[in-house]
Structures are given as C-alpha cells and as structure tokens.
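Enquirer: I would like the atomic coordinates for the input below:
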Amino acid sequence: MHWQRRVSLFGWLAVAAAAQAPAPIPAAPGKQDLAVLYVGSADGPRTADFVQFLQQHFTTVGTAVYPRFDARQADPYDVVVLDVEMKPKENSIGIGPQPTLPADYARATVLISGPGVIVSQKFGSKLDWY
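Expert: Okay, the predicted model is just below:
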C-alpha cells in the first residue's frame, strides 16, 4: 500500500514537471570567453579528446600534466579541470603521483573522477568518486 502512494506521487510529480517545463535555451553563439586549463595525462586519447572538446567551447584552452601541476600554472586561467586517465593495476587505481596544491589554492576547479577528488580531499572535501 505504501509503495502505491509513492508511485502515485511520482506520477503526479512527472505530470506537474512536464506542464511547467521551461522553454529551451537557445545555443550561445560562438565560444565562451573563458580561459580553461585542462590538467591531465601527458599524452593519451582522453587528454586529446577533452582538449579538443574544450577548444570548441572556450576562447583559451591550455594543458598541464597532472602529477607536475603547480597552482601557479593556473594563474592565467579562469577555470581548472583536474582529470587524468586511470590505469588500474593490482592494489592501485593507477593514477600515480598527485599534484600538491597549497592550502590557499582558490581557483575555480572542476574535479573529474578519482584523480580530481583525491586532490580535493587534502582540503577537507567530503566528495567521493566510487
């Protein structure tokens, strides 16, 4: 009986949401005027694909190598994307050494998967990735 009320409630919410769905937002012309730094693997298909994607949408895109990333490298950028290809091995998630960021690191940063989250844990983040 309790599950029937939930199904009924979810059905009602779906109808209400569909009735109040906002109009689609038109695509923004051109690229966003932001400088984005992608911090990932030195080479590899993930890095190449991600950088190509970012270049389609932002005016300035740079790269840095994940284990050697230094906070000063982020200075000319508006946003940092922390990512790296994981190559799991026995008893390891396969990301190797992590960058060390200072306690006063304050750049807008997108954390992707384990590598990004692991770096943020040093700052007391409660994010998890698995």
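Enquirer: give me the beta-bridge partners of residue 108?
Expert: residue 79 (DSSP bridges).
Enquirer: what pLDDT does the model give residue 28?
Expert: pLDDT, residue 28: 59.
Enquirer: ugh, typo on my part, it should be residue 105
Expert: What the model reports as pLDDT for residue 105 is 87.
Enquirer: likewise residue 56?
Expert: pLDDT recorded at residue 56 is 95.
Enquirer: ok, and what's touching the helix or strand encompassing it?
Expert: Element membership of residue 56, judged by DSSP states H and E, is helix 45-57. Here helix 45-57 makes contact (CB atoms under 8 Å, 6 or more residues apart in numbering) with 31-32, 36, 38, 40-41, 61, 63, 81, 83, 85. The way it works is simple: take the backbone N, C-alpha and C, and place the C-beta from them, glycine included.
Enquirer: and of those residues, the nearest to residue 122?
Expert: residue 83 (16.7 Å; CB to CB).
Enquirer: isn't the closest one right up against residue 116?
Expert: Yes. Using CB atoms under 8 Å, residue 83 is in contact with residue 116, at 6.1 Å.
Enquirer: in helices, which of the contacts of helix 45-57 appear?
Expert: Among the contacts of helix 45-57, no residue falls in helices (DSSP state H).
Enquirer: and residue 100, how many residues sit next to it?
Expert: Number of residues near residue 100 (other CB atoms under 10 Å) recorded here: 12.
Enquirer: count of neighbours near residue 45?
Expert: Counted with other CB under 10 Å, residue 45 comes out at 9.
Enquirer: how close does it get to residue 31?
Expert: Using CB to CB, to the nearest Å, we find residue 45 at a distance of 23 Å from residue 31.
Enquirer: now residue 68
Expert: 28 Å.
Enquirer: higher neighbour count, these two?
Expert: Neighbour tally, residue 68 and residue 31, criterion other CB under 10 Å: the higher count belongs to residue 31, 14 against 11.
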